[in-house]
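Colleague: Got a sequence here, can you model it:
(4 chains)
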There are 2 protein chains.
Amino acid sequence: MPKKKAPPKEATADRIRDAADELFCHVGYDAVSVRDIADRAGVNKALVFYHFTSKADLFERVLERYYEAHRRALASAFEAEGSPRERMHRMIDAYLDFMAENARYAVLVQQQISNPETHPLVEKNLAPLYRWIEHAISEVAPHAGPGGPRQLFVTFSGLVINYFTYAPMLARVWDRDPLGAPMLEERRRHVHWIVDLLLDDIERGAP
Amino acid sequence: MPKKKAPPKEATADRIRDAADELFCHVGYDAVSVRDIADRAGVNKALVFYHFTSKADLFERVLERYYEAHRRALASAFEAEGSPRERMHRMIDAYLDFMAENARYAVLVQQQISNPETHPLVEKNLAPLYRWIEHAISEVAPHAGPGGPRQLFVTFSGLVINYFTYAPMLARVWDRDPLGAPMLEERRRHVHWIVDLLLDDIERGAP
DNA sequence: TAGCAATTTGACCGTTCGGTCAATCCGGGC
DNA sequence: GCCCGGATTGACCGAACGGTCAAATTGCTA
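Modeller: The predicted structure is shown next:
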């Protein structure tokens, strides 16, 4: 049996991708050079172009891993059994958990959405995911208008993701770490409180 | 009387700053070169360094104008007469109006918060503004915890700003322009609906 | 041990970056 | 007409960028 040569090969490519992940998330795509990535991964710069065709390609690989994990987390939470409201709460919990574990992802997503150059990637990965979320929300808020799924999608997403994109500044405004367990739990209870209030009012037929 | 030579002088520096404003907001700080800015302003590149000490200084001037306008808009809306709830609604309207008129500002703020290199600027300009907003919210939600001003600040800010940072992607997910008057009005009604629901529940002493 | 392919390296390329500087332009007071 | 100071320009600099390539290294198989 030929021994797998995969382990060392994958280890190197993974180390490069992990280094790129950290750097891209911290200061953005343009502010990171391939030399920075290679240095952090402890390899020669040319090796980056051996394992990845270009800097942009490396960025795509970093993003795809996040997008796929994000999609799986939300889908498995929402597709299980339970009432629509229970599934909505579970999906929001999954979103919060995913963001807490991948705090830098929020920054990457915002950069992606804001930068027109990356819109093809957004259309390919992010837009379908969001169309799916909006469809899931329409199960609990079927009517159109100001209380409908279109606006609720932005609101629910913002309730979660905005907390993490604001985190670096909240750490300066507050005296506590916004990504620590106590504050994350406070945020979670806050979001669920709002979601229940909104769904109650929608069921009442108000908006 | 000596004639003011200010008009042409200010006009040139303003044209450079306006060009920088547009470009920074569209693709971010790093992706814009001083040559791009000079070309768009229709002046020589060296002239940028005559009117501004560096590219970073030019970026600060662009930001300061936004920060100051943002601060004035919110303060004048909140400091007028009325019940705390009325003033809160007015402040949110002012925030929405300001964002609609300066849609690119949302992107700049997110970039500022995410980039550790710019944290001194955030501490100087953005953090005091947000401390002030959080204090204003504490007038309508005095208690701490998951329904307290700390979480409500993130939520109210996110309800507004996230709509504009998401706008480029919403334009792709929806079939309508999210920054057009009809959708902006729908968002406004949506946000006010939520704010009233939350404040009702807080007055009821629920959270 | 020889050989082969995958992996890794250092040196190099053309381009663009932010920033500098001496020279020129230009309008208003003498 | 002349000059003077602010405004403007083109030419230039060193550094860093993404990317390439031939050579060297490594690890497996025969």
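Colleague: ok, now which ones touch the nearest residue to A:V107 once chain neighbours are set aside?
Modeller: Excluding the flanking residues, the one nearest A:V107 by C-beta to C-beta, 6 or more residues apart in numbering or on different chains is B:S114, at 4.6 Å. Just so you know, the C-beta spots here come from the backbone N, C-alpha and C atoms, and that holds for glycine as well. Taking C-beta atoms under 8 Å, 6 or more residues apart in numbering or on different chains, we find B:S114 in contact with A:28, A:107, A:110-111, A:165, A:168.
Colleague: so which of those comes closest to DNA strand C?
Modeller: Among the contacts of B:S114, A:G28 lies closest to DNA strand C (C-beta to the nearest atom of the strand), at 14.2 Å.
Colleague: What number of residues are in the vicinity of the closest residue to A:D201 other than its chain neighbours?
Modeller: Nearest residue to A:D201 in three dimensions, chain neighbours excluded: B:L197, at 5.8 Å (C-beta to C-beta, 6+ apart). Counted with other C-beta atoms under 10 Å in any protein chain shown, residues neighbouring B:L197 total 17.
Colleague: tell me the average confidence for whichever strand or helix holds A:A127?
Modeller: Element membership for A:A127, per DSSP states H and E: helix A:127-137. The average of the pLDDT scores along helix A:127-137 is 89.
Colleague: The very next helix or strand once past that helix vs helix B:127-137, what angle?
Modeller: Next in sequence after helix A:127-137, counting helices and strands by DSSP H and E, comes helix A:149-173. Per axes from the mean of the first three to the mean of the last three C-alpha atoms, to 10 degrees, the angle that helix A:149-173 makes with helix B:127-137 is 120 degrees.
Colleague: Pull the residues that contact the following helix or strand past helix A:149-173.
Modeller: Counting by DSSP H and E, the next helix or strand C-terminal to helix A:149-173 is helix A:181-203. Helix A:181-203 has contacts (C-beta under 8 Å, 6+ apart) with A:85, A:88-89, A:92-93, A:96, A:100, A:140-141, A:143, A:147, A:152, A:155-156, A:159-160, A:163, A:174, A:176-178, A:207, B:145-147, B:150-152, B:154-155, B:193-194, B:197-198, B:201, B:207.
Colleague: check contacts around whatever residue of chain A ends up closest to DNA strand C.
Modeller: Among all residues of chain A, A:A46 sits closest to DNA strand C, at 2.9 Å; criterion: C-beta to the nearest atom of the strand. Listed by C-beta under 8 Å, 6+ apart, A:A46 has no contact partners.
Colleague: For it, what is the enclosing helix or strand?
Modeller: With DSSP H and E as criterion, A:A46 is part of helix A:45-51.
Colleague: does any part of the helix or strand following that helix sit near DNA strand D?
Modeller: Going down the chain from helix A:45-51, the next helix or strand is helix A:55-78, by DSSP H and E. Yes: counting by C-beta under 7 Å from any atom of the strand, DNA strand D has neighbours in helix A:55-78: A:55-56.
Colleague: Are helix A:55-78 and DNA strand C in contact anywhere?
Modeller: No: using C-beta under 7 Å from any atom of the strand, helix A:55-78 stays clear of DNA strand C, with a minimum separation of 12.3 Å.
Colleague: what's the pLDDT at the residue nearest to A:Q112 when sequence neighbours are not counted?
Modeller: Leaving out its chain neighbours, the residue that sits closest to A:Q112 by C-beta to C-beta, 6+ apart is A:T118, at 5.1 Å. pLDDT, A:T118: 79.
Colleague: Specify the residue ranges that define each domain of chain A.
Modeller: A:1-52, A:62-203 (automatic domain parsing).
Colleague: ok, and for the helix holding A:A127, which residues are buried?
Modeller: A:127, A:129-130, A:133-134, A:136-137 (16 or more other C-beta atoms under 10 Å in any protein chain shown).
Colleague: likewise stretch A:152-165?
Modeller: A:152-165.
Colleague: go on, stretch A:66-77?
Modeller: So for stretch A:66-77, counting by 16+ other C-beta under 10 Å, buried means A:66-67, A:70-71, A:73-75, A:77.
Colleague: same question, stretch A:45-59
Modeller: Neighbour-count burial for stretch A:45-59 [16+ other C-beta under 10 Å]: A:48, A:51-52, A:55, A:58-59.
Colleague: Nearest to B:D36, out of the buried residues of helix A:127-137: which one, please.
Modeller: A:A127 (28.4 Å; C-beta to C-beta).
Colleague: Tell me who's in contact with that closest one.
Modeller: B:169, B:172-173.
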